[in-house]
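Asks: structure of the sequence below:
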Amino acid sequence: MTDAKCITLASRPKGFPVAANFSLETRTLPDLGRGKFLVRVIWLSLDPYMRGRMDDAKSYAEPVAIGGIMEGGAVGEVIASENANFAVGDIVTGQFGWTTHAISDGEGVRKVDPSIAPISTALGVLGMPGITAWVGLNDIASAKKGETIVVSAATGAVGGLVGQLAKAKGMRVIGVAGGAEKCAFAQAELGYDVCLDHRAMDAKALSSTLKDAAPNGVDLYFENVGGKTLEAVLTRMNVGGRIAVCGAISWYSGQGIEEAQPLPAVWRNILTRRLRVQGFIIFDHFHRMSAFQEEVAPMVGNGTITVKETIADGIESAPQAFMDLLGGGNFGKQLVRVGNDP
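Replies: Residues are numbered from 1 along each chain as shown. Have a look, this model is predicted:
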């Protein structure tokens, strides 16, 4: 019998999540059945999509139930097994949730090779955010050498890789991030040609600054944020431009919706500029994992790709770290160190 500490959903948030929406509990896990194995969680991933799972609303996935363990990807070590495909000592990644221990039957779980890169990268640059960046740039937006791309949330887990992959393709890469420190990092470490601080200007000023940064217009926009960044970029898109809609974190908790640009103005820009706008959910594209890993894993291993992580310690820290993430407080991939990394 194993006791697991876990974070459960205590109540549904009204707007931005607060500490009272979460509860720290200890649950005793059942004995392993045939085909099951026990995982000791080492790293927990925190991602913006989790905010949507807290609402009881129709979406592309079921919400977390009240009293249910918060959903999330994690990396862990198999410490007991009744499954022939997973041995004790294997490092694995799967949707184990906000918990210190989990039982799995292996569905949706894959093994992690620690010799390629630190195992935490299986939740970031070599995991769900990484393949999101790769698929969005290549399959959704059809990025090409010589084009100009704007990436919102430019130093985040997804945006940070989008910018580096776009630069490797020979594109002009413009980032938008929150704060001078993030913008400086984007240019010095991630290779962005320019990075604009959205916190230092309103939508009108951002659009004007973007005009100077992209004198030949914008061919491709990788959308993670929504809000004033989207408003500013729309007016700078070239005819025939493409927008890959990955997220809209500025609106996830209901803030800023009333001040958002009216739909007719957005629609007019899409129409007159003949834009191709495509939303995508990465769970529909996991069949591309092998191709993504084949291209990007060597780049991570040899240091071509810069990896940036923000780490909170202990499962108890997950709620506050998640709230900080939604407010832009993370720098790179947000992780929780749940246990010792072997």
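Asks: mind listing the strands for the stretch 201-342 of the chain?
Replies: Listed in chain order, the strands of the stretch 201-342 of the chain (DSSP state E, counting those that start in this stretch) span residues 218-223, 237-245, 276-279, 309-313, 333-337.
Asks: run a quick neighbour tally on residue 321.
Replies: 20 (other C-beta atoms under 10 Å). For glycine as for every other residue, the C-beta is placed from the backbone atoms N, C-alpha and C.
Asks: swap in residue 150?
Replies: Count around residue 150 with other C-beta under 10 Å applied: 30.
Asks: any idea how far it lies from residue 182?
Replies: According to C-beta to C-beta, to the nearest Å, residue 150 stands 15 Å off from residue 182.
Asks: how close does the nearest residue to residue 223 once chain neighbours are set aside sit to residue 41?
Replies: Leaving aside its chain neighbours, residue 223 sits nearest to residue 245 (4.8 Å; criterion: C-beta to C-beta, 6 or more residues apart in numbering). Applying C-beta to C-beta, the value for residue 245 to residue 41 is 31 Å.
Asks: show me which of those two is the more surrounded one.
Replies: Neighbours per residue, other C-beta under 10 Å: of residue 245 and residue 41, the larger number sits with residue 41, 25 against 17.
Asks: any idea what the more buried one is bridged to?
Replies: residue 76 (DSSP bridges).
Asks: report the contact partners of residue 33.
Replies: Contacts for residue 33 (C-beta atoms under 8 Å, 6 or more residues apart in numbering) come out as residue 82.
Asks: quick one: residue 112 and residue 120 touch, right?
Replies: No - using C-beta atoms under 8 Å as the test, residue 112 is too far from residue 120 to be in contact (9.7 Å).
Asks: which residues are in contact with both of the two?
Replies: Joint contacts of residue 112 and residue 120 (C-beta under 8 Å, 6+ apart) are residue 75.
Asks: closest one to residue 105 among the strands of the stretch 201-342 of the chain?
Replies: strand 333-337 (24.3 Å; C-beta to C-beta).
Asks: any idea of the angle that closest one forms with strand 309-313?
Replies: 30 degrees (axes from the mean of the first three to the mean of the last three C-alpha atoms, to 10 degrees).
Asks: return the list of helices and strands in contact with strand 333-337.
Replies: Strand 333-337 sits against strand 37-45, strand 309-313, helix 318-326, with contacts defined as 3 or more C-beta pairs under 8 Å, 6 or more residues apart in numbering; DSSP states H and E.
Asks: ranges for the helices of the chain?
Replies: For the chain, the helices defined by DSSP state H cover 50-53, 128-135, 159-168, 180-188, 203-213, 227-234, 263-272, 289-301, 318-326.
Asks: mind saving the C-alpha coords of the third one as CSV?
Replies: Provided in CSV are the C-alpha atoms of helix 159-168 (Å, rounded to 0.1, in the frame of the first residue of the first chain):
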residue,chain,number,x,y,z
GLY,A,159,7.0,30.0,-27.9
GLY,A,160,10.7,29.7,-26.9
LEU,A,161,11.1,26.6,-29.2
VAL,A,162,9.0,28.1,-32.0
GLY,A,163,11.4,31.1,-32.2
GLN,A,164,14.5,28.9,-32.2
LEU,A,165,13.1,26.5,-34.8
ALA,A,166,12.0,29.4,-37.0
LYS,A,167,15.4,31.0,-36.8
ALA,A,168,17.0,27.7,-37.8
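Asks: pull the distance from it to the chain's centre.
Replies: 14 Å (C-alpha atoms, centre = their mean, to the nearest Å).
Asks: give me the residues contacting that helix.
Replies: Here helix 159-168 has contacts from 125, 129-130, 133-134, 136-137, 143, 149, 151-154, 173, 175, 177, 186, 190-193, 222, 224, 296, 299, 304-306, 308, 332-333, using C-beta under 8 Å, 6+ apart.
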